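> need a structure here:
(chains A, B, C and D)
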Number of protein chains: 2
Amino acid sequence: MKDVRRLKAGIFQALGHPTRLAILELLRDGELAVGTILARLGIEQANASQHLSTLRARRLVNNRKEGNQVFYSVRDPLLLEVLEIMRRYSMAHLQEDLALLRELEGEDAPRSRVARRPVGARRRKGRRTAAGPHRA
Amino acid sequence: MKDVRRLKAGIFQALGHPTRLAILELLRDGELAVGTILARLGIEQANASQHLSTLRARRLVNNRKEGNQVFYSVRDPLLLEVLEIMRRYSMAHLQEDLALLRELEGEDAPRSRVARRPVGARRRKGRRTAAGPHRA
DNA sequence: TGCGAATATGCTGCGTTTCGAATATGGTGC
DNA sequence: GCACCATATTCGAAACGCAGCATATTCGCA
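Take a look at the predicted model:
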C-alpha cells in the first residue's frame, strides 16, 4: 500500500525535471540513440547520461545496445498517456500558471540556479530572543 | 516552450512525494479539512501543512477557509485523471517494480533519514591523492 | 595493439527538499 | 481582553538533486 505510493512518487519524481521530460518527449515517436538526444537537446553528455540513468533506474525507459551506441525508448505507452493528460492539464491552465512561474522564480531572483539571496545572509527574524517556550 | 516544460516538471515534482500523493488520494472524493487529513494520514501537523503548501504553490489544490478550519480540494479533475493513469501504470508493473524498490533503497542504505555518515565528516575532497585506482 | 568515438560513472560544490520542533497567526467563545 | 483551537511559517540539520568536470569502459577500426 505504502510501498506502491512510494513507487508512484518515485516515478513522478523522475518526471519532475525539464530535461527528462524533454527526453521522453523526444522518445515519443520511437527509440533514439543517446547521441541524437544530445544533439537535439544541446546539453552536456554527462548530464544527459545522468538523466537517462535516472529514467532507467525507475524503469521508465528501455535501452538497447547496438555496436557503438545505445538506443533508448519509452518502456510503456501508458507513460506517454500520462504525459498526454498532463499536456492537456497544463494547456488548460497556461495563462495563470505562466504567471505562477514568474511568481515562484522571479519573486526576487534571477532565473538560473544561482544565489537568489546574498549567500550566507539568512533572513533571520530575531524572535525567540526572550519569550519562553510555552508548549513544552 | 521551455517554460511550459518547466511548469510540467514542477507539477510532477509536486506529485513526487508519497505524502502528497496520499493527500491527493484523500481529496479524490471531495474537499477535506486539514484536521481530517492529519487524522487520516497520521502525520505531523507542520509536515502536512508544508506539503499542502507545496500543492498550493503549484496550484494543484484549492483551499477554502471556513471559520476555524481550512478545506482543501483538488483543483482540476484532470489531475485525478493523471493519477488514475499512473495507478494503472504502476499496477501493470507492480511485480518488477516492487523488487525495484528494494533494489533502490535496500541496496546498502538504511531506510531512515538518520546520519549515514559520522556527522561532520565531509566526504573527503582531496581527490586522487595518488594514482587514482580505477574502480577495482 | 593502439586509437578514437560513444556512453557511463565518480566526485565535488552548490542549492533544495524534508522532517521535527518551535513559534506565529487567525478565528472563536467567554 | 484572554485562553484556546486550527493552521501556517520559520529554523536547523541531514539527505538529496543537479551540473560540470575528469575519468572509465566498451566497441569498432586501422
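
> DNA strand C versus the residue sitting nearest the centre point of chain A, what's the distance?
In chain A, the residue lying closest to the centroid (CA atoms, centre = their mean) is residue A:17, at 1.2 Å. With distances taken as CB to the nearest atom of the strand, to the nearest Å, residue A:17 is found 11 Å from DNA strand C. Backbone N, C-alpha and C define where each C-beta goes, glycine included.

> what residues does stretch A:81-99 touch?
Outside stretch A:81-99, the residues within contact range by CB atoms under 8 Å, 6 or more residues apart in numbering or on different chains are A:15, A:21, A:24-25, A:28, B:3-4, B:7-8, B:11-12, B:59, B:76, B:78-79, B:81-82, B:85-86, B:89.

> Please disregard the earlier target; I meant stretch A:65-76.
A:23-24, A:27-28, A:30-35, A:37, A:52, A:55, A:59-64, A:80, B:89, B:92-93.

> Which ones among these map onto helices?
Among those, the ones falling in helices (DSSP state H) are A:23-24, A:34-35, A:37, A:52, A:55, A:80, B:89, B:92.

> near DNA strand C, which of these show up?
Taking CB under 7 Å from any atom of the strand as the test, DNA strand C is in contact with A:34-35, A:52 out of the ones in helices among the contacts of stretch A:65-76.

> Which one of those sits in the busiest neighbourhood?
Most neighbours among those, by other CB atoms under 10 Å in any protein chain shown: residue A:52, with 20 neighbours.

> Pretty sure it sits against residue A:22.
No: with contact defined as CB atoms under 8 Å, residue A:52 does not reach residue A:22; the gap is 11.8 Å.

> Now do the same contact list for residue A:101.
B:3, B:6-7, B:10.

> what do you get if the cut-off is 7 Å, keeping everything else the same?
By CB atoms under 7 Å, 6 or more residues apart in numbering or on different chains, residue A:101 lies in contact with B:3, B:6-7.

> Can you give me the distance of residue A:41 to residue B:5?
The gap separating residue A:41 from residue B:5 is 11 Å, by CB to CB, to the nearest Å.

> anything in contact with each of those two?
residue A:22.

> what pLDDT does the residue in chain A positioned nearest to DNA strand D get?
Nearest residue of chain A to DNA strand D, counting by CB to the nearest atom of the strand: residue A:46, 3.2 Å away. On pLDDT, residue A:46 comes in at 96.

> repeat for the one 5 residues further on
pLDDT recorded at residue A:51 is 98.

> Return the residues in contact with it.
A:17, A:19-20, A:23.

> So which of the residues you listed belong to strands?
Assigned to strands by DSSP state E, none of these qualify.

> Get me the contact residues on chain A for chain B.
A:3-9, A:11-13, A:15-18, A:21-22, A:57, A:59, A:76, A:78-79, A:81-82, A:85-86, A:88-90, A:92, A:97-98, A:100-101, A:104 (CB under 7 Å from any CB of the partner chain).

> how about a cut-off of 6 Å?
When proximity is defined by CB under 6 Å from any CB of the partner chain, chain A lies next to chain B at A:3, A:5-9, A:12-13, A:15-18, A:21, A:78, A:81-82, A:85-86, A:89-90, A:97, A:101.

> who touches stretch A:16-32?
Applying CB atoms under 6 Å, 6 or more residues apart in numbering or on different chains, the external contacts of stretch A:16-32 come out as A:37, A:41, A:51, A:71, A:73-74, A:80, B:5-6, B:8-9, B:12-13, B:16.
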